[in-house]
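In: Here is the input, now give the coordinates:
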Amino acid sequence: MKKHLLLTGIATILLCSCNSKPKTELTVSGLNPKDFQTEVNNAQTNLYTLKNKAGMEVCITNFGGRIVSVMVPDKNGEMQDVVLGFDSIADYIHIPSDFGASIGRYANRIAQGRIVLDGDTIQLPQNNFGHCLHGGPQGWQYKVYEANPIDDTTLELTLHSPDGDENFPGNVTATVTYKLTDDNAIDIKYSATTDKKTVINMTNHSYFNLSGNPAHAATDHLLYINADSYTPVDSTFMTTGEIVTVKETPMDFTTPKTIGQDIANYDFVQLKNGNGYDHNWVLNTAGDITQVAARLSSPESGIVLEMFTNEPGVQLYTGNFLDGTVAGKKGIVYNQRASVCLETQHYPDSPNKANWPSVVLEPGQTYHSECIYKFSVEK
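Out: The predicted model follows:
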């Protein structure tokens, strides 16, 4: 009898011991950090979580420097994830996407993938209608950044891009610093140096759906862009070199309107050429990061996103090429127009447009760019 009780007691202790093992703690957005741990080209990937005193949470993976989730309160105080993305690193690796990525070396398009530096013509990859898009097919969104968590609110990511990376010249060291502020803003600062003349144009490519439910199209989102002009594109999405007024066209967001109000007006050739909105706006802010460059809001959730930048332009992209073939977090299928991107940048194809702000980086110089995404609730 005593032996039986002793064995029973041991079994109970062992069972309790097993049950008391620490469980994997999920993020507020429901992500399992273990699902982001692997090796890519002998470099370790992980998920990093930033939290502020207000309870906002931002999850980032060092694979591509990608924002994976952004949890902010809606008008009812309920936390909502307002960016598209995947539940695991495997999907980011195997499903080509720009979801949340830190784009480089050159965000947006370079015509025919050609640049000329000091009289030398350099041929870059042609991965989008004959042009080089987002640094080529193996741009920085598919590289593993070195991660340095500074504190609970700050993550520093560093990438060493060798001379000839996607045929871009120069050994470049680039840094992206994500800072989550206590007033619910994501402050993104970029810097880069090179040992050979090159071109740099970095951005963040988060796909926002402020309703918190990307099964719903973002065409009901209200958008304001502080810009009186934009850069038109041809049928291959390449800028023509013109800068034209938005006045009395569907490109005018100087008075807030819904994304969907004019997006299907393909009688306006620019919307036909862009398959919707996929254009660069010339900001009125002139590099003043204290001025609102764009404002996006969801009537469903009441969540507001204000964007600030020192860049001269912003690319508005309305998820035109999402087609329902990709399922993201929580198995939600991403259909066309499921999101809105606000990519702060120098203008597309600036290396080939001498009269546009320069994107050339010389040895001894440091590239600086900043973008702030500030969240609040409609009052």
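In: Please tell me I have it right and residue 209 contacts residue 215.
Out: No: between residue 209 and residue 215 there is no contact under Cβ atoms under 8 Å: 9.0 Å. Quick note: C-beta positions are derived from backbone N, CA and C, even for glycine.
In: who has more neighbours, these two?
Out: A direct count of neighbours by other Cβ atoms under 10 Å for residue 209 and residue 215 places residue 209 higher, at 28 against 12.
In: Residue 216 versus the more buried one, what's the distance?
Out: Per Cβ to Cβ, to the nearest Å, residue 209 is found 7 Å from residue 216.
In: Over to residue 165?
Out: Per Cβ to Cβ, residue 165 is found 39 Å from residue 216.
In: try residue 114
Out: Residue 114 is 41 Å from residue 216, by Cβ to Cβ.
In: quick revisit: joint contacts of residue 209 and residue 216?
Out: residue 338 (Cβ atoms under 8 Å, 6 or more residues apart in numbering).
In: So for residue 324, what's the nearest residue that isn't a sequence neighbour?
Out: residue 335 (4.7 Å; Cβ to Cβ, 6 or more residues apart in numbering).
In: Pull the contacting residues for the one you found.
Out: Contacts of residue 335 by Cβ under 8 Å, 6+ apart are 215, 217, 322, 323, 324.
In: Could you tell me how many residues sit around the spatially closest residue to the third one that is not a sequence neighbour?
Out: Read that as residue 322. Closest residue to residue 322 apart from its sequence neighbours, by Cβ to Cβ, 6+ apart: residue 334 at 4.7 Å. With neighbours defined by other Cβ under 10 Å, the count for residue 334 comes to 24.
In: correct me, but residue 334 touches residue 217?
Out: No: using Cβ under 8 Å as the test, residue 334 is too far from residue 217 to be in contact (10.4 Å).
In: in what helix or strand does residue 160 lie?
Out: Assigned by DSSP states H and E, residue 160 falls within strand 154-161.
In: What strands flank that strand, and is each parallel or antiparallel?
Out: Using DSSP bridges, the strands paired with strand 154-161 in its sheet are strand 146-151 (antiparallel), strand 172-180 (antiparallel).
In: buried sites along the shortest one?
Out: Buried residues in strand 146-151, defined by neighbour count with 16 or more other Cβ atoms under 10 Å: residue 147.
In: how far does it sit from the chain's center?
Out: Here strand 146-151 shows a centroid-to-chain-centroid distance of 19 Å under the convention Cα atoms, centre = their mean, to the nearest Å.
In: just to revisit the earlier point, from residue 321, how far off is the residue nearest to residue 322?
Out: 10 Å.
In: where along the stretch 1-150 of the chain do the strands fall?
Out: Here the stretch 1-150 of the chain has its strands, by DSSP state E, counting those that start in this stretch, at 38-40, 43-45, 47-51, 57-61, 66-73, 79-81, 101-103, 109-110, 114-117, 120-123, 132-133, 146-151.
In: Take those strands and write them to JSON lines, including mean pLDDT.
Out: Converted to JSON lines, those look like this (pLDDT from 0 to 100):
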{"stretch": "strand 38-40", "mean pLDDT": "97"}
{"stretch": "strand 43-45", "mean pLDDT": "98"}
{"stretch": "strand 47-51", "mean pLDDT": "98"}
{"stretch": "strand 57-61", "mean pLDDT": "98"}
{"stretch": "strand 66-73", "mean pLDDT": "98"}
{"stretch": "strand 79-81", "mean pLDDT": "98"}
{"stretch": "strand 101-103", "mean pLDDT": "98"}
{"stretch": "strand 109-110", "mean pLDDT": "98"}
{"stretch": "strand 114-117", "mean pLDDT": "98"}
{"stretch": "strand 120-123", "mean pLDDT": "98"}
{"stretch": "strand 132-133", "mean pLDDT": "98"}
{"stretch": "strand 146-151", "mean pLDDT": "98"}
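In: Mind putting these into TSV with distance to residue 370?
Out: What follows is these, written out as TSV (distance: least, Cβ to Cβ, whole Å):
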stretch	distance to residue 370
strand 38-40	28
strand 43-45	26
strand 47-51	17
strand 57-61	17
strand 66-73	16
strand 79-81	24
strand 101-103	13
strand 109-110	22
strand 114-117	25
strand 120-123	28
strand 132-133	23
strand 146-151	17
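In: These: which one's closest to residue 177?
Out: Ranking the strands of the stretch 1-150 of the chain by distance to residue 177, with Cβ to Cβ as the measure, places strand 146-151 first at 8.0 Å.
In: got the CA positions of the closest one in PDB?
Out: Only the C-alpha atoms of strand 146-151 are listed here, as PDB (Å, rounded to 0.1, in the frame of the first residue of the first chain):
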ATOM      1  CA  GLU A 146      21.700  42.000 -37.900                       C
ATOM      2  CA  ALA A 147      19.400  42.800 -35.000                       C
ATOM      3  CA  ASN A 148      20.300  44.900 -32.000                       C
ATOM      4  CA  PRO A 149      17.400  45.300 -29.500                       C
ATOM      5  CA  ILE A 150      18.200  48.600 -27.700                       C
ATOM      6  CA  ASP A 151      15.300  48.500 -25.200                       C
END
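In: by how many degrees do it and strand 47-51 diverge?
Out: Taking axes from the mean of the first three to the mean of the last three Cα atoms, to 10 degrees, one finds that strand 146-151 is oriented at 20 degrees with respect to strand 47-51.
In: Give me the contact list for strand 146-151.
Out: 46, 48, 62, 155, 156, 157, 158, 159, 160.
In: Turn the residues you listed into JSON lines, including distance to residue 82.
Out: As requested, the contacts of strand 146-151 are exported to JSON lines (distance: Cβ to Cβ, whole Å):
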{"residue": "46", "distance to residue 82": "22"}
{"residue": "48", "distance to residue 82": "18"}
{"residue": "62", "distance to residue 82": "21"}
{"residue": "155", "distance to residue 82": "19"}
{"residue": "156", "distance to residue 82": "24"}
{"residue": "157", "distance to residue 82": "21"}
{"residue": "158", "distance to residue 82": "27"}
{"residue": "159", "distance to residue 82": "26"}
{"residue": "160", "distance to residue 82": "32"}
